[in-house]
Structure formats: structure tokens, C-alpha cells
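> Give me a 3D structure for the following:
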Amino acid sequence: MKILMVCLGNICRSPLAHGVLDHLAIEKGLNWEIDSAGTGNWHIGEQPDKRSIAVAKNYGVDISGQCCRQFDVSDFDIYDHIFVMDYSNLTDVKALARNEADHNKVSLLLKDSTVPDPYYDDTQFDSVYTMIEKRCKEIIEEFNLPA
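Here you go, the predicted model:
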């Protein structure tokens, strides 16, 4: 299973989702490949936001080794599922879809809701982490069905 998490800058939400899902998959002994990207190019090559790193660390997840990158059309060829954090990300990523198969790989992480961007509000990082973790646990259960 290969899963890509996408947000705007790849510094707050998608690195958290990447780190949490990767952590949970490893705990379950799953051979999944998890990555993250941003629709924008402002932070390419940087670490995630220090507040995301800190909140993840508080929950026992290390995302400090991640390197921010921008979403690329070739990601459609690599990943089975592409989860985005909000409707803007959804529109941006789906606009790059080359065909129906690409289009069908993209969905909101929270299904019918969005993950708020905590960038401008330090107090949101814990609640964002919690909602991401809850959904990542559901993903593990949904996609880790016995053959």
C-alpha cells in the first residue's frame, strides 16, 4: 500500500498525517509506503514546521527527518491513495489528474470534512494531531483487511 498525504505547504498537516500513518503502520507490521507533499512550492527542502514536529514528538512520533516537497503529476503513478487536507487541496490535486484513475485516487482525509490549517494558530496543533490520528487509525483498519 502506498499512500500520499497532501496539504498546502507540506509543513503542518500533511507531515503530521504522514508521520502518524507511518508510525501506526509500522506498529501493525504493515509494509506500507507513506509520504507527504504540498500543492505549493514555498517550503521545498525544508523540515516540517517546528510546531508540527513538537506536537508529533509529544505523542511519540518523530517527523523531524521529513523533507518538504511539492506534489507532482508523477505521484499519481506511484501512490494507491492520495489524501488531501481540505477542499482547496482537493481542487488543486484533482486539476492535475490526467484521467479518471488519477482522479479516483484523490479524496479528503476526513471524508466529508477538512483538517483545519493550524499555521496561524498555535493552539490548533494538538486538536489537528488528534483528528489526524483518529482518521489514520481508521485507515489502518479499512485498508488492512484480511485477504
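> Over to the closest residue to Asp80 other than its chain neighbours: give its phi and psi.
Sequence neighbours aside, Lys2 is the residue nearest to Asp80 in space, at 5.1 Å (criterion: C-beta to C-beta, 6 or more residues apart in numbering). C-beta here means a position set from N, CA and C on the backbone, and glycine is covered the same way. Torsion angles at Lys2 (phi, psi; degrees, to the nearest 10) stand at phi -120, psi 120.
> Just grab the bridge partners of Lys2 for me.
When bridges are called by DSSP bridges, Lys2 pairs up with Glu33.
> please renumber so the chain begins at 58
Let's use 58 as the start, then, which means that last one is Lys59.
> got a list of what it touches?
Lys59 is in contact with 89-92, 135-138, counting by C-beta atoms under 8 Å, 6 or more residues apart in numbering.
> Those: which two are farthest apart?
Trp89 and Ile135 (12.9 Å; C-beta to C-beta).
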